[in-house]
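>>> Below is the sequence, then the predicted model.
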Amino acid sequence: MAVFAPLSSFLFLLQLLGLILSVNVVFFLSFGRQQCYKEIQEGMYGALGKTMEGCNQWPLNPPNFRALMEEYVNLCTDLSRKIMRGIALALGGSPFEFEGVRAGDAFWVLRIIGYPGLSGAKDQKKPENNIGCGAHTDYGLLTLVNQDDDITALEVRNMSGEWISAPPIPGTFVCNIGDMLKIYSNGLYESTLHRVVNSSPKYRVCVAYFYETNFDAAVEPLDICKQRTGETKQFGRAVYGEHLVSKVTTNFVM
Ligand SMILES: O=C(O)CCC(=O)C(=O)O
Ligand SMILES: [Fe+2]
């Protein structure tokens, strides 16, 4: 997990999202979590894409919400592609390792999450706030986490197995490495286990953008990474769309 400076400040957007999250308008609702996906047209990926086909449902108010979110997604996509070029170079490849059939048509997910503060959970007589996000790894290549500046809630498990905080640094994103990058890099990059525990009294908002491979990419360790890790393939082949569908259908069952 690493921290990167963003292209610009999105404070205004977070304020706007605070407003949106207080009313019941959703794309795909599960307790304060709203998400949209890069749209998959009918038949685009055959049986592989069937579960994910359809359009995002945008709220009509505020009227510029959709345009703002689409602009945000475009900026995050450009930034992520640039970061992936840097990572490709760092792995010893060409800057374009993650273009073409790998991530030239990168799938993406945008998730807007609201975590109630401790005071909101008091009436349930819970000693601590367990309305959060359980330990998991992200599925794709990279995640850009845009979190409230004044609440430390995101935790990461380090190599010694301890949970450590990833405190917000104003003006930056936390960047998670996802499962597909772990496979491509043959384990040189770890998809970091993380979770969210909001122990503050304040409602926390996070906007997480997930930069993925192509939906139908068949992901396996890159030769350049195998050479650096003793030629042994640590992971088998995984089709990103299958991995996503299996996570989505088991993680978000209502
Ligand atoms: O709320 C956060 O800081 C992270 C959320 C997260 O890990 C996720 O949505 O995958
Ligand atoms: Fe995550």
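Looks like it arrived, so ask away. Residues are numbered from 1 along each chain as shown. Ligands and ions are numbered 1, 2, ... in the order given.

>>> who in the stretch 101-250 of the chain is up against ligand 1?
Selection of the stretch 101-250 of the chain residues close to ligand 1 by CB under 6 Å from any ligand atom yields 111, 113, 133, 138, 145, 147, 154, 194, 196, 206, 208. To be clear about C-beta, it is placed using only N, CA and C from the backbone, and glycine gets the same treatment.

>>> which residues touch the third one?
With contacts taken as CB atoms under 8 Å, 6 or more residues apart in numbering, residue 133 has the following neighbours: 113, 115, 195, 196.

>>> Neighbour-wise, give me the winner out of these.
residue 115 (25 neighbours; other CB atoms under 10 Å).

>>> now, which of the contacts of residue 133 lie within strands?
Mapping the contacts of residue 133 onto strands (DSSP state E) picks out 113, 115, 195, 196.

>>> Now pLDDT and distance to residue 189 too, for the residues you listed, in CSV please.
Listed next are these as CSV, based on pLDDT from 0 to 100; distance: CB to CB, whole Å:
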residue, pLDDT, distance to residue 189
113, 93, 24
115, 92, 27
195, 95, 20
196, 94, 22
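
>>> Could you identify the most distant pair in the residues you listed?
113 and 195 (12.5 Å; CB to CB).

>>> Closest to the centroid, which residue in the chain?
residue 210 (3.4 Å; CA atoms, centre = their mean).

>>> Residue 139 is in contact with that one, correct?
Yes: Residue 210 is in contact with residue 139 according to CB atoms under 8 Å; the separation is 7.2 Å.

>>> Find residues that contact each of the two.
residue 178.

>>> those strands in the stretch 101-250 of the chain, which residues are they?
108-115, 133-136, 142-147, 154-157, 163-165, 173-177, 194-196, 204-211, 218-219, 238-239 (DSSP state E, counting those that start in this stretch).

>>> most packed of those strands?
Mean neighbour count (mean count of other CB atoms under 10 Å) peaks for strand 142-147 among the strands of the stretch 101-250 of the chain, with a mean of 25.

>>> and it, which strands flank it?
strand 173-177 (antiparallel), strand 204-211 (antiparallel) (DSSP bridges).

>>> pLDDT on the first one, on average?
When you say that, I think you mean strand 173-177. For strand 173-177, mean pLDDT rounds to 96.

>>> same check, this time on the last one
Per-residue confidence for strand 204-211 averages out to 96 on the pLDDT scale.

>>> For it, output the C-alpha coordinates as CSV.
Presented in CSV, the C-alpha positions along strand 204-211 are these (Å, rounded to 0.1, in the frame of the first residue of the first chain):
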residue,chain,number,x,y,z
ARG,A,204,-16.9,9.0,7.6
VAL,A,205,-17.0,9.2,3.8
CYS,A,206,-14.7,7.3,1.5
VAL,A,207,-14.7,7.4,-2.3
ALA,A,208,-12.8,4.4,-3.6
TYR,A,209,-11.9,4.1,-7.3
PHE,A,210,-10.9,0.6,-8.5
TYR,A,211,-8.7,0.4,-11.6
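
>>> That one versus strand 108-115: what angle between them?
170 degrees (axes from the mean of the first three to the mean of the last three CA atoms, to 10 degrees).

>>> same check, this time on the first one
Counting by the same axes, to 10 degrees, strand 173-177 lies at 120 degrees to strand 108-115.

>>> Show me how far strand 173-177 is from its chain's centre.
The chain centre lies 8 Å from the centre of strand 173-177; the measure is CA atoms, centre = their mean, to the nearest Å.

>>> Right, I'll leave it there.
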